[in-house]
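Asks: Generate a structure from the sequence data that follows.
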Amino acid sequence: MDQIKDILFAWQKRKGLEALEIYAYEERGLKIEKKDCRLENFQPYEERGLAVRVLQDGALGFAFTTSFSPEDILGTALKAYEMASAMPKDDYTFPVPEDYPILPPVKESLISPEEGLDILQHMEEKAFSCDSRIKRIQEVGLSHRQGKIYLANTNGLEASWDYGAFSLVAVVIAMAGDEAQMGWEWQLFPLRERISPEEVVRKAVYRAVNRLGAKPLASQKIPVLLPPHVAVDFLELLSESFLGENLVKGKSILKDKMGQKVFPSFINIVDNGVLVDVIGTRPFDDEGIAQRETILVKEGRIENFLFDSYWGKKAGYSSTGNARRGSFKNQPSVGLTNFYLQPGEKTPEQLTNKLPQFFEVLEVLGMHTADSISGEFSLGVSGLLHHKGETIPVSGMAISGDIFSLFEKIEALGNDLTFYGNIGSPSILTAELDLAGS
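Replies: Residues are numbered from 1 along each chain as shown. Take a look at the predicted model:
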């Protein structure tokens with residue numbers, strides 16, 4: 001990386017440019033996918049990329065390349081310069097050096113192909129042995145990657161971080177007669193030791209077999225339990241309202257709610273970029289600002305929003321260390337680090353053991369149609385009706401409303417905080433909701 005830095009910083013000085021930024025990464029990994037117990041995809045890989053941002057009179061230019069030859073490095077910088085020259089003046093700046101939090105290293109040997117295949121075979125065998133109604137393994141998959149991010153700019157900032165990610169997925173099919181039902185589960189963490197193949201399989205099997213025989217119910221009002229794998233979908237919808245870009249553009253329904261009590265007093269929501277052993281954790285964000293813990297909701301009150309440098313400046317706030325890039329091919333924008341709803345103290349069983357009946361949601365359909373500005377949704381749901389000790393599979397139901405009204409109706413939170421990627425939630429118990437059925 002020193003050669004790239006020397007080439008580009010010298011070029012920036014010759015051009016007399018305001019500032020230049022380098023973002024580079026190198027990654028190696030292994031992806032394995034099996035479908036119906038047959039190998040579908042086996043992909044060891046190595047890749048790398050370089051992105052250059054150039055500032056001239058506050059205007060920003062951006063370009064990227066996968067070639068690290070001196071000619072292509074300079075060619076990429078020139079493209080970024082030409083883009084900046086064509087852009088209007090704006091409020092872009094690059095950060096200066098600062099102290100970063102000290103975090104445990106995320107570095108381990110890449111899993112061998114043989115070991116990866118053994119894990120997937122074990123998952124298949126485990127699924128079949130868990131329940132005789134599991135007749136097909138639609139998919140099991142594994143991904144393991146290790147890489148390094150390097151970031152430097154002409155303000156003197158220079159930082160690097162070794163990162164990793166290990167993930168497993170299982171999709172199983174349960175059958176009874178001519179009926180087939182699907183169940184799935186996945187896990188993603190920085191280190192392999194946090195992953196449990198057995199838990200992935202167990203949860204996938206549970207969701208498949210417990211949907212067998214499901215039928216619609218009559219419309220009714222009923223308390224609803226949202227397990228973590230469902231609750232995170234609603235939390236992701238809510239997260240859009242905390243992004244600084246949406247705040248500035250008037251696309252956040254919370255824009256005038258700072259300091260106001262919006263949720264029940266036991267609701268606390270955090271974006272924590274330094275939470276150990278979660279996938280969004282790093283010392284610095286994708287423009288070099290130190291990541292940190294940001295309290296967004298404290299005891300039901302709106303406390304903060306999330307910003308990168310650009311949108312923070314537009315809003316009159318400092319960056320919260322939330323600049324994220326989808327890949328080196330993308331410019332940084334405001335995003336989440338590790339966004340989660342803080343848990344309560346009761347187990348999921350304790351949340352519901354005194355209720356005569358409640359509805360446990362196993363699957364939500366149509367979340368992609370929800371309105372991220374208003375928070376409104378109309379969703380299909382399936383799950384289990386728990387009624388006086390009896391469990392009845394249910395499908396073909398619908399729930400509609402908005403995310404803020406839903407959160408106002410939360411009555412209790414479980415102690416089972418679970419992360420799916422960089423979004424985490426415990427089980428959520430709501431007051432009676434309207435379930436539309438047959």
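Asks: Please, where are all the helices along the chain?
Replies: Ranges of helices in the chain, per DSSP state H, are 2-15, 70-86, 113-130, 197-209, 228-239, 244-248, 309-315, 348-352, 403-408.
Asks: Just the C-alpha atoms of the second one, please, in CSV.
Replies: Translated: helix 70-86. Taking C-alpha atoms only, helix 70-86 is exported to CSV below (Å, rounded to 0.1, in the frame of the first residue of the first chain):
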residue,chain,number,x,y,z
PRO,A,70,1.1,2.5,-11.6
GLU,A,71,-0.5,3.4,-14.9
ASP,A,72,-4.0,2.3,-13.8
ILE,A,73,-3.6,3.9,-10.4
LEU,A,74,-2.8,7.3,-11.9
GLY,A,75,-5.5,6.7,-14.5
THR,A,76,-8.1,6.2,-11.7
ALA,A,77,-6.9,9.4,-9.9
LEU,A,78,-7.3,11.3,-13.2
LYS,A,79,-10.8,10.1,-13.7
ALA,A,80,-11.7,11.2,-10.1
TYR,A,81,-10.1,14.6,-10.8
GLU,A,82,-12.1,15.0,-14.0
MET,A,83,-15.3,14.2,-12.2
ALA,A,84,-14.5,16.7,-9.4
SER,A,85,-13.8,19.4,-12.1
ALA,A,86,-17.3,18.8,-13.5
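Asks: for it, the distance to its chain's centre please.
Replies: On the basis of CA atoms, centre = their mean, to the nearest Å, helix 70-86 sits 32 Å off its chain's mean C-alpha point.
Asks: From the contact counts, what lies against it?
Replies: Packing partners of helix 70-86 (3 or more CB pairs under 8 Å, 6 or more residues apart in numbering; DSSP states H and E): helix 2-15, strand 38-56, strand 59-65. Backbone N, C-alpha and C define where each C-beta goes, glycine included.
Asks: go on, the fifth one?
Replies: For helix 228-239, the helices and strands in contact under the criterion 3+ CB pairs under 8 Å, 6+ apart are strand 339-341, strand 357-365, helix 403-408, strand 418-420, strand 423-425.
Asks: Give me the contacts around that helix.
Replies: 185, 203, 226, 269, 336, 339-341, 361-364, 367, 370, 372, 375, 377, 403-404, 406-407, 416-420, 423-428 (CB atoms under 8 Å, 6 or more residues apart in numbering).
Asks: what does the last one give?
Replies: Residues outside helix 403-408 that contact it (CB under 8 Å, 6+ apart): 234, 237-238, 253, 262-264, 267, 370, 375-377, 430, 433.
Asks: list the buried ones in it?
Replies: Ile403, Phe404, Leu406, Phe407 (16 or more other CB atoms under 10 Å).
Asks: What is the nearest of those residues to Gly396?
Replies: Of all the buried residues of helix 403-408, Leu406 has the smallest distance to Gly396: 20.6 Å, by CB to CB.
Asks: Next, count neighbours for Arg202.
Replies: Neighbours of Arg202 under the rule other CB atoms under 10 Å: 17.
Asks: try Ser309
Replies: 23.
Asks: Arg28 too?
Replies: If we define neighbours as other CB under 10 Å, then Arg28 has 15 of them.
Asks: so it bridges to which residues?
Replies: For Arg28, the beta-bridge partners under DSSP bridges are Glu46, Gln146.
Asks: same thing with Val172?
Replies: Beta-bridge partners of Val172, as defined by DSSP bridges: Ile137, Gly183.
Asks: do you know how far it is from Tyr45?
Replies: Distance, Val172 to Tyr45, by CB to CB, to the nearest Å: 27 Å.
Asks: Would you mind telling me which of those two has more residues around it?
Replies: Val172 (30 against 10).
Asks: Please name the residues that touch the more buried one.
Replies: Ala127, Ile134, Arg136, Ile137, Gln138, Met182, Gly183, Trp184, Val201, Ala204, Val205, Ala208.
Asks: next one: Leu385
Replies: With CB under 8 Å, 6+ apart, Leu385 has these contacts: Leu217, Ile222, Gln357, Phe358, Phe359, Glu360, Thr391, Ile392, Val394.
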